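[1] structure for the following, please:
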Amino acid sequence: MSHGKPREDKTCLNCGHEVEERFCPHCGQENIESRHPFYYLFTHFFEDFTHYDGQFWGTMKNLLFKPGKLTKIYLEGKRAQFVPPVKLYIFISFITFLFISFQIADVDFGKQGVETGEITKKEIQKKVSENESVRKLIKDSKDIAIADSLTGGALTQALDSTKTGNEAQLKNNDVDVEKILKSKSITQSLELQSMADFDRKEEKNGHKYELFRPFLAKIFELEKKGHAPSEITDMFIKSSIHNLPKALFLYLPLFAFLLWIFHSKRKWWYFDHGVFTLHYFSFLLLLILLLFVVTKLLSYFDGSTLASAMKGLIITSAIVYAGCYFFIAHYRTYRTHPALTIIVGAILFVINTMLFSFLLMGLGIISFLFLH
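    Numbers count the residues shown, from 1 in each chain. Below you'll find the predicted structure:
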């Protein structure tokens, strides 16, 4: 219930009906003052979702610790007691992937700070002008861009300094030449200079690897823009995580369809399986969110043997619990024989593992090909 001030006028602003108490009996709108302080925009959202009467927290508690209870109660028609399945899934999915995105951004920021600290070496710029191997490595603009991205932009500054004779600037722009010498682009590792090289090799090999041509073309495109291998990897991971919520949402109907196949069509409708699916995936996402939070907290104790042991124990326990959760929720919802629950659950687990693996592969392919 919100804490808005009740209106003295008992006429509903939404439909015009008389409101005897707090809510309109005709449309359900709360009869409170329509003008509020600015902060009400945010507090109202939180109140509307969590319902300080305990609906939200009761839903979270039952979702985590009482497998199948939410589904069973919802299918019995008691639907005002807990958060609706679709609303629950969308909210948990949003919070989980938002937190993961922040985690990735935080890791990238920390990585950047470490790298800029590690590449500083005294008088290394002099080697840039003297080292013939470096000169060969950066013979064209593409290689300069790749090497420059590996050194945080310091390479270009150092080369400009050697050309202008600016010794003061040279000393302030350290470049890790050894890092440049050891690093290679993906296409250099494959000994390819262009797609024409790949096509010539394919003709000799009978087009054995033609399937990989779109991926290689994408790599050439990204390297031409100056992206190093590590940057391409990071871009791929971010793109995949960005697309994962969409992929999961598309997979929900398929998961429910598999449940529909293995259960009585007379007793259980597809709608019923959809409710079970939404609750189970909400649980999985909530568990992932809690794991990320816990591992984040334990990361502040890196180097501690106890923290590492706790992290391993928590992750292992979560995986085991997630597997057991499905069997318990399935048994409580569908009331099948325990042996049948185990058999059906095992079959569904194998099928869903295979299908979800294909989904992740497809997600990875799409995410990579649309990198820019």
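
[2] where does this structure have low pLDDT?
    1-4, 34-54, 105-191 (pLDDT under 70).

[3] how is it divided into domains?
    The record, using automatic domain parsing to delimit domains, assigns the chain the ranges 1-52, 65-110+231-369, 120-175.

[4] does Cys27 touch His17 like I think?
    Yes: at 7.2 Å, Cys27 and His17 qualify as touching, with contact defined as C-beta atoms under 8 Å. Every residue, glycine included, has its C-beta placed from N, CA and C.

[5] export the domains of the chain to TSV and tack on mean neighbour count and distance to Asp197?
    As requested, the domains of the chain are arranged in TSV below (neighbours: other C-beta atoms under 10 Å; distance: least, C-beta to C-beta, whole Å):
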stretch	mean neighbour count	distance to Asp197
domain 1-52	13	56
domain 65-110+231-369	15	19
domain 120-175	16	14
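
[6] and those domains: which comes nearest Pro214?
    With distances scored as C-beta to C-beta, the stretch of these nearest to Pro214 is domain 65-110+231-369 (6.1 Å).

[7] can you list contacts of stretch 203-210?
    For stretch 203-210, the external contacting residues (C-beta atoms under 8 Å, 6 or more residues apart in numbering) are Glu202.

[8] could I get the full set of strands for the stretch 251-372 of the chain?
    All residues of the stretch 251-372 of the chain lie outside strands when identified by DSSP state E, counting those that start in this stretch.

[9] where exactly do the helices run in it?
    When secondary structure is read from DSSP state H, counting those that start in this stretch, the stretch 251-372 of the chain shows helices at 270-298, 305-334, 338-369.

[10] wait, Cys15 sits on Pro25?
    No: no contact is recorded between Cys15 and Pro25 when judged using C-beta under 8 Å, the distance being 10.0 Å.

[11] about what we covered before: among the helices of the stretch 251-372 of the chain, which comes closest to Leu64?
    Evaluated with C-beta to C-beta, those place helix 270-298 nearest to Leu64, the distance being 6.6 Å.

[12] what angle separates the closest one from helix 305-334?
    For helix 270-298 against helix 305-334, the angle by axes from the mean of the first three to the mean of the last three C-alpha atoms, to 10 degrees is 170 degrees.

[13] for helix 270-298, packing partners?
    Contact analysis of helix 270-298 by 3 or more C-beta pairs under 8 Å, 6 or more residues apart in numbering; DSSP states H and E lists helix 55-65, helix 69-75, helix 85-118, helix 229-261, helix 305-334 as its packing neighbours.

[14] select, out of the ones you listed, the one closest to Asp272.
    Sorting those by C-beta to C-beta, the top spot, which is the nearest, belongs to helix 69-75 at 5.8 Å.

[15] other residues contacting that closest one?
    With C-beta under 8 Å, 6+ apart as the test, helix 69-75 has contacts from 59, 62-63, 81-82, 85, 272, 275-276, 279, 329, 332-333.

[16] switch the cut-off to 10 Å
    Contacts of helix 69-75 from elsewhere in the structure, counted by C-beta atoms under 10 Å, 6 or more residues apart in numbering, are 58-59, 61-63, 66, 78-79, 81-85, 88, 268-269, 271-273, 275-280, 282-283, 329-330, 332-335.

[17] ok so, going back, and the helices and strands packed on helix 270-298 as a markdown table, adding distance to Phe356?
    Shown next, in a markdown table, are the helices and strands packed on helix 270-298 (distance: least, C-beta to C-beta, whole Å):
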| stretch | distance to Phe356 |
| --- | --- |
| helix 55-65 | 21 |
| helix 69-75 | 21 |
| helix 85-118 | 16 |
| helix 229-261 | 7 |
| helix 305-334 | 13 |
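
[18] rewinding a little: to Phe97, which of the helices of the stretch 251-372 of the chain lies closest?
    In terms of C-beta to C-beta, the element of the helices of the stretch 251-372 of the chain nearest to Phe97 is helix 270-298, at 8.3 Å.

[19] that closest one vs helix 229-261, what angle?
    With the same axes, to 10 degrees defining the directions, helix 270-298 sits at 150 degrees from helix 229-261.

[20] list the contacts for Ser304?
    Contacts of Ser304 were listed using C-beta under 10 Å, 6+ apart, and they are Leu298, Met310, Lys311.

[21] look up how far Asn31 lies from it.
    When C-beta to C-beta, to the nearest Å is the yardstick, Ser304 and Asn31 sit 56 Å from each other.

[22] what's the answer for Pro245, then?
    From Pro245 over to Asn31 the distance is 37 Å, taken as C-beta to C-beta.

[23] ok, Phe292 next?
    Between Phe292 and Asn31 the distance is 42 Å, computed by C-beta to C-beta.

[24] same deal with Leu70?
    Separation of Leu70 from Asn31 (C-beta to C-beta) stands at 31 Å.
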